[in-house]
Structures are given as C-alpha cells and as structure tokens.
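K.L.:
What would the 3D arrangement of this be:
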Amino acid sequence: MNNPDHHNDEKDQLILLLQEQLSLMQQERETMHMILVDQDSIIIKQQQHLTHQSELLKQKDETDL
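P.N.:
Okay, the predicted model is just below:
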C-alpha cells in the first residue's frame, strides 16, 4: 500500500504549506518593522515636544525671577 506518488504528493503539499507559512512570517516581520518605525517617529516627536515645553518653562522661570 506504500504508493511513492502518494508520498511525493504529501511532500509537495508540505513544501507548499511551509512556503506559505514562510511568506506569512515575512509579511508579519515587515508589518512589525513598519510599526516599530512609526513608534520610533512618535517617540522622537514626543521628545521634541517635551524639550520644547521644558525650554518654555525655563524661560518662564527666568522671567518670574
């Protein structure tokens, strides 16, 4: 009952499934990379905003003295 063609079909099917899984993992990796780049950009903008606010507070303190 051991049919070599059947065995090859199973191997081919497994290869296709693995290729599909790899493709999905690569897409996930690219998506995660885009998310991280976006988060990095947001953090930089927040830092700039906080630096600006800090400078404004320093100026206010100096004028209040």
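
K.L.:
Could you check how many residues crowd around H6?
P.N.:
The number of residues packed near H6 is 10, by other CB atoms under 10 Å. For every residue, glycine as well, the C-beta is placed using N, CA and C.

K.L.:
Tell me the confidence at D64?
P.N.:
As predicted, D64 sits at a pLDDT of 83.

K.L.:
Next one: it from L56, what distance?
P.N.:
Noted for D64: a distance of 12 Å to L56, by CB to CB, to the nearest Å.

K.L.:
same question, Q27
P.N.:
From Q27 across to L56, the span is 44 Å (CB to CB).

K.L.:
about what we covered before: show me whatever sits in contact with both of D64 and L56.
P.N.:
Shared contacts of D64 and L56 (CB atoms under 8 Å, 6 or more residues apart in numbering): none.

K.L.:
So which of those two has more stuff around it?
P.N.:
Neighbours per residue, other CB under 10 Å: of D64 and L56, the larger number sits with L56, 10 against 6.

K.L.:
Which strand or helix spans that one?
P.N.:
For L56, the element it lies in under DSSP states H and E is helix 4-64.

K.L.:
confidence score at the residue nearest the centre of the chain?
P.N.:
Geometric centre of the chain, nearest residue: M32, 1.6 Å, by CA atoms, centre = their mean. Note for M32: predicted pLDDT of 98.
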